[in-house]
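# Quick one: sequence plus predicted model below, questions after.
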Amino acid sequence: MKISASIYSDKSRSLKEVIDDLVNHQVDMLHVDCNDDLTVFDDIKRIKSWCDLPIDLHIITDTPSKYYPYLEENPVDYVTFQYENLKEELNIPKTIKGKKGLAIITPTPIDVFSNYQDFDFILIMATIPGQSGGIFDKINFDKIRKFRNKFPAKSIHVDGGVNGEVSFILRNMGVTSSVSGSYLFKGPSIGHQLMNLIKRKIESKYRVEDFMTPIEECPVVEIENLTFKQVIQSIEQGNLGFTLVVGKNNHFEGLISNADVRKALIKHVDDFNKIEALETINQSPVTIADEATVIELLKTVKKTPFIVSYLPVLDAQKRAVGVVNFANLIKAEL
């Protein structure tokens, strides 16, 4: 996941000093907020003369058309318009270079992106736009997951309340880029905070249940009258490499992975008809509690002697309530 540094969050230094510091610490992008102020392009010109880092421009305006000539003259790598402020149609000319995005605030449903499917990404504002130092609203974890499912080919950017813990969760959910402002500049140093955002020690405020994939969206088979054909179909349709096995009231009975199926095939290679679905169940896989913190999740993964690709999530009654899938995190770290 790329880190886009919000350049106006540091009020104590000149813009040149801020940019030089960010360049020296190899930040991925420079996030430029524009609250309906065309003079922002004066800063963009200066920034381009100082460095070649990608510019990530977020424009809040009710008349986007007045920005088009400026964007043609001063192309940026990413340009995003705030959806809720628009009072005219957002028809960005093809002559404007760079990737296009639509920004939405927390109460706005992700469905509005359906009218902008020629855009490259969505920017989810997890706090109030323009307010520095806000707290990430966990309802946005659900929005990110829903957007990923509905628009799998589009990128997801997030702005607001991104600290070390939120950064880990967002990377795990496959977010492409996160904007960091006050968190990045209020720490001991930009380098220290960048390391926290990328891979280092984090605090723990959110629970696994806040960002897991809920059971309704997971591949599941019922143990009663289970057949091997059902197992294969569930794994194939779920496209996650496994299926959960549940009993009455979603009581967790185990899981069946591609590896479990492979072992069964090898065991009965001379006669596949002898495969019994029940023999493929891993009845004691590594699991995580829905109320576990991110720190507890990381400790569980760290102490497991093999690579963990997914974790079934159980509630206090040992019912399956979801899954934490690490596929996006593994891709992000490559």
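Happy to help now that I have it.

# what's around Thr287, how many residues?
Burial measure for Thr287: 18 neighbouring residues, criterion other Cβ atoms under 10 Å. From N, CA and C alone the C-beta is placed, and that goes for glycine too.

# Next, the contact list for the closest residue to it other than its chain neighbours, please.
The spatially closest residue to Thr287, leaving aside those adjacent along the chain, is Pro312, at 4.7 Å (Cβ to Cβ, 6 or more residues apart in numbering). With contact taken as Cβ atoms under 8 Å, 6 or more residues apart in numbering, Pro312 is in contact with 244, 252, 255, 285, 287-288, 320, 322-323.

# the domain parsing of this protein - what is it?
What automatic domain parsing lists as the domains of the chain is 2-203, 213-332.

# which one of those has the lowest average pLDDT?
Looking at these, the lowest mean pLDDT belongs to domain 2-203 (a mean of 88).

# from the chain's centre, how far out does it sit?
Averaging C-alpha coordinates over domain 2-203 and over its chain gives two centres that are 14 Å apart (Cα atoms, centre = their mean, to the nearest Å).

# wait, doesn't Lys205 sit right on Glu165?
Yes. In this structure Lys205 lies within contact range of Glu165 using Cβ atoms under 8 Å: 6.0 Å.

# can you give me the helices in this protein?
With DSSP state H as the definition, the chain shows helices at residue ranges 15-24, 40-50, 68-73, 139-150, 164-172, 182-185, 190-198, 208-211, 228-238, 258-267, 294-303, 327-332.

# Minimum distance to Gln117: which of those helices has it?
Ranking the helices of the chain by proximity to Gln117 (Cβ to Cβ) places helix 139-150 first, at 10.3 Å.

# And that closest one, what does it pack against?
Applying 3 or more Cβ pairs under 8 Å, 6 or more residues apart in numbering; DSSP states H and E, we find helix 139-150 packed against strand 121-125, strand 155-159, helix 208-211.

# give me phi/psi at the residue at the greatest distance from the centre of the chain?
When distances are taken from the C-alpha mean of the chain, Asp270 lies farthest, 44.8 Å away, according to Cα atoms, centre = their mean. Note on Asp270: its backbone torsions stand at phi -80, psi -20 [degrees, to the nearest 10].

# Between all of the contacts of Pro312, which two are at the greatest distance?
Checking the contacts of Pro312 against each other with Cβ to Cβ, the farthest-apart pair comes out as Pro285 and Gly322, at 14.3 Å.

# Now do the end-to-end distance for stretch 220-238.
Using Cα to Cα, to the nearest Å, the span of stretch 220-238 from its first residue to its last is 8 Å.

# Just the residues contacting that stretch, thanks.
Outside of stretch 220-238, the residues within contact range by Cβ under 8 Å, 6+ apart are 218-219, 241-247, 250, 253, 256-258, 261, 264, 275-278, 280-281, 320.

# cool, and stretch 281-294?
Outside stretch 281-294, the residues within contact range by Cβ under 8 Å, 6+ apart are 165, 168-169, 202, 204-209, 212, 223, 245, 252-257, 260, 296-297, 300, 304, 308, 311-316, 321-322, 324.
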